[in-house]
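A.B. asks: here is my input, please return the structure:
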Amino acid sequence: AIIPNRPDRTIVVLPSATEAIHACDRFWNATRIEGTTWPWSINPGSIVFGDITYDNVADILFTAGTSDPLQCYLVPVDGMPWNPALLSTDPNMRIGWNLYGVVNAEVAEPMITAQSQIASLKSYPDGTAVSLSAKPRTKLVKEKDPALGIVTTGYYIQETSRSTGIRVMGTTSASEGRLVSVRGTLHTINGERVILATGETVSAQTLNVAPLGTTVKSLYSMLSMTGLLVRLTGTIVSANPTAGWFMFSDGYKYPLKVYCPDFTQTSGQIVITGCVGAEKNAYGQTVPVLRMESAAKDMNVTTPPAPTVDYFAWTESSLKKVAKTEAVQPLQPAVIRAARNEHEAFQIVLKGDQSVVKSITITPRDLKSATGVISASNVKIYLPYYIYLPYYSRYVADPLPPYKSPFDLQPGQVQPIWVDVYVPKTAPAGDYTGSITITSTNGKTFDVAYTLHVYNFTLSDESKLTTQFDFYDYYMAPKEGVAYGSADCRALWKQYYEFLLQRGISTAAIPVDDFNSPEAAAYLRDPRLTSFRIPEHSNPSVQASYFNQVKAAGAWGKGFCIMPDEVYDKASYDLFKAKADYYHSIDPTAPTICTYYSATPTWAAPSHTTDILAGYANIWCPISGHAFEEDRLAVRRALGDKVWTYVCTNPDGVTPNFFLQDPAMSHRIIAWQCYLHQATGWLYWHTNYWADVDDPWTDICTGKRIDPRLYGEGSLVYPGKVHTGTAGPVSSIRLEVFRDSLEDYRYLWLLEQKIGRAGVMSYVQQLATTWWNYNKDISKFESVRDQIAKRIEN
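C.D. replies: Residues are numbered from 1 along each chain as shown. Predicted structure coming up:
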């Protein structure tokens, strides 16, 4: 409130009754009443000044009326020393006396700073009137007082993302997890930012407030964790039950002071839960402390010996390729966002310290929101495998073998963990919290928290961007240890086919012997299939039967005929025309695809490919970049032809591609560039080209006959037999990132249905403007994608 006629003097009215004076003492931990000691008594009608800052300036005025309850006022002063001998003329006394008796008068409200984020609120100076909306209440703050016993002096609230929290000094009717909106004044008490509450609004909504697993080292290195609900494992090293605190250690060089009002355990290993606070130590430094609500609720005594081996864990985006020499980062919760029926991933990175960490196990937990649960069965764990690239003299992680059994972590070793989260079609929209528990037989435990925001829309099963990637079972067979053409080979081919189709990749050939069989028809009717190659036959009647099979399956718009690849000289152009004439003689609408890397062949200059093959080709597929003639292709598109594009070789480090050495954004931006250039299909010549290498897990220079930089050329999957013990496809980081790109394209498609292509382009052009000019910043990419998702929702 503002003192009448003195707008420069803000006063705070604390709760009434004797407990309020005691609470004031606890709030500042330094109350001193001149001429008295605590506890004291106040006679009716008396007035006592208090100096709580030890600067000889009156800060607090206690008054007691003959009929009113005791009132306690905090009175800021002009900065002049307070002389107790001049009470009769001291301006503070007059202010206080003027205030007394008009407590219920209407006075102006102070300016209130409203904030939705705790981190932003903490940046304001002490004394700022603030309001904070809809944060889950975690733990009550209970302390042991020699006079009153165990008293409740406030509670903690935190962000739903578990990024930070803050202590609230005041009472609450909210149960744990209930959303609370708080009004009050911001203060710093003994090094910790707090809100001195003047009111609260309790929501009916309750969230799961599972503690964040962490370490003492993390608390000391990241004071931004102050206010968070956390869980730690370690030992009690000393204790003072009378005062209600003990010292805790998990092996870090500094112990942690833990306040717990009712503990009796004075030694041994424990698991504790509480809220991170802060206080000044004897040297004036702000250090973390932990405040537990009660030992009964928040302390578990464990029997295993304390961990002796240290190692590190932190989270990274799926768009960061983690180097084998990566420096340790602070552990913070991961944040991912996805629609229903979408996969989204993040990484946890482990790094060894001085000793071997033995038998590391990884356990995903259920994700929970206020309205739903996503089972941990939708969370898959993979362990990226590093391959050495001699040309660049460095290792790059790419194969993603599934995590199957415990593993060791060597000193200094970096081991990423790829966490893939699938959002079911039935999942309610909203914010979910989950965790990945990492344990070992001789090291500490990490509960790595993450937040999943589920958008309120669902992606289709089929890719909206046509894909055409090849796969050869005769490259697969020897690497998987099966005979080419055998039943085992055919079964594995089907497994690879389905694996790729689940990721939005349609392969040229469907895995059947007889294209006209019912089995083939079933493959052709699969809505996830976006393209396929129609077999070629020299007998027109047989060729016509193939066409009829495709039409009967409702897939005529997805197939294409076998044509010469990458036409370049007159002979290849003539052959293309002859094949097109053959197919069109059977059906004039037969789909004929033309791939080319030069739009102006030297033998026909100045003619362009689109001129020479007009009427012969109806699917135009120039290589991305220099051969993609926007104006000429727009003409073909307007005439009803399709326009696709592709990449092949060309490791220039500029054009988006699938090379291991390129950043992940190079793979993720592909579908965005297709949308930018109105290419409705993306072709890539192979997924398992392993002909030039003995083992792609150790030598991934699959195009070495052309260029020593072609790491991963034509190879997006790995054979599983030798390195995992199980035959079958093993994914790659490049393939999973491209799957995300195809899912991004579905976002663009959905938004186009709502606001049109021009509106979507305003977002796309923030990330890509040409084939070579595209955004590399992960944060910006995620921000634009989030904006698109929210626009789809709204």
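A.B. asks: quick one, strands of the stretch 451-600 of the chain?
C.D. replies: 466-469, 532-534, 559-561, 593-596 (DSSP state E, counting those that start in this stretch).
A.B. asks: select, out of those, the one closest to Asp569.
C.D. replies: Ranking the strands of the stretch 451-600 of the chain by their distance to Asp569 (criterion: CB to CB) puts strand 593-596 first, at 11.3 Å. Using the backbone N, CA and C atoms, a C-beta is placed for each residue, glycine as well.
A.B. asks: and that closest one, how far out from the chain middle?
C.D. replies: Between the centre of strand 593-596 and the centre of its chain there are 40 Å (CA atoms, centre = their mean, to the nearest Å).
A.B. asks: what strands line up against that strand, and which way round?
C.D. replies: strand 619-622 (parallel) (DSSP bridges).
A.B. asks: which residues does the partner strand contact?
C.D. replies: Strand 619-622 is contacted from outside by 560, 591-597, 599, 609-610, 628-629, 633, 636, 641-646, 681, 683, using CB atoms under 8 Å, 6 or more residues apart in numbering.
A.B. asks: now, which of those residues lie within helices?
C.D. replies: In this view, the contacts of strand 619-622 that belong to helices under DSSP state H are Thr609, Thr610, Leu633, Arg636.
A.B. asks: which of the residues in the longest helix seen in the chain are buried?
C.D. replies: Identified as the longest helix of the chain according to DSSP H is helix 733-764. Burial within helix 733-764, assessed by neighbour count using 16 or more other CB atoms under 10 Å, is assigned to 733-752, 760, 763-764.
A.B. asks: mind checking how far the helix or strand following that helix is from the chain centre?
C.D. replies: Next along the chain after helix 733-764, taking DSSP states H and E as the criterion, comes helix 778-793. Put simply, helix 778-793 sits 13 Å off its chain's centre (CA atoms, centre = their mean).
A.B. asks: between helix 778-793 and helix 733-764, how big is the angle?
C.D. replies: With axes from the mean of the first three to the mean of the last three CA atoms, to 10 degrees defining the directions, helix 778-793 sits at 60 degrees from helix 733-764.
A.B. asks: helices of the stretch 101-250 of the chain, residue ranges please.
C.D. replies: Taking DSSP state H, counting those that start in this stretch, the helices of the stretch 101-250 of the chain run over residues 118-121, 216-221.
A.B. asks: other SSEs contacting the longest one?
C.D. replies: Identification of packing neighbours for helix 216-221 by 3 or more CB pairs under 8 Å, 6 or more residues apart in numbering; DSSP states H and E yields strand 229-240, strand 286-291.
A.B. asks: which stretches of the stretch 101-250 of the chain have low pLDDT?
C.D. replies: For the stretch 101-250 of the chain, the stretches flagged by pLDDT under 70 are 101-112.
A.B. asks: neighbours of Asn240, how many?
C.D. replies: By other CB atoms under 10 Å, 12 other residues sit near Asn240.
A.B. asks: was I right about it contacting Phe246?
C.D. replies: Yes: counting by CB atoms under 8 Å, Phe246 is a contact partner of Asn240 at 6.8 Å.
A.B. asks: can you give me the helices for the stretch 451-600 of the chain?
C.D. replies: For the stretch 451-600 of the chain, the helices defined by DSSP H, counting those that start in this stretch occupy 473-480, 487-502, 518-525, 540-552, 570-586.
A.B. asks: for Lys257, find the nearest of those.
C.D. replies: Among the helices of the stretch 451-600 of the chain, helix 487-502 comes nearest to Lys257, with 51.4 Å by CB to CB.
A.B. asks: so the closest one versus helix 473-480, what angle?
C.D. replies: Going by the same axes, to 10 degrees, helix 487-502 makes 110 degrees with helix 473-480.
A.B. asks: who's in contact with helix 487-502?
C.D. replies: Contacts of helix 487-502 (CB under 8 Å, 6+ apart): 469, 471, 473, 476-477, 480, 482-483, 506-507, 510-511, 513, 526, 528-529, 687-688, 717, 727-729, 731.
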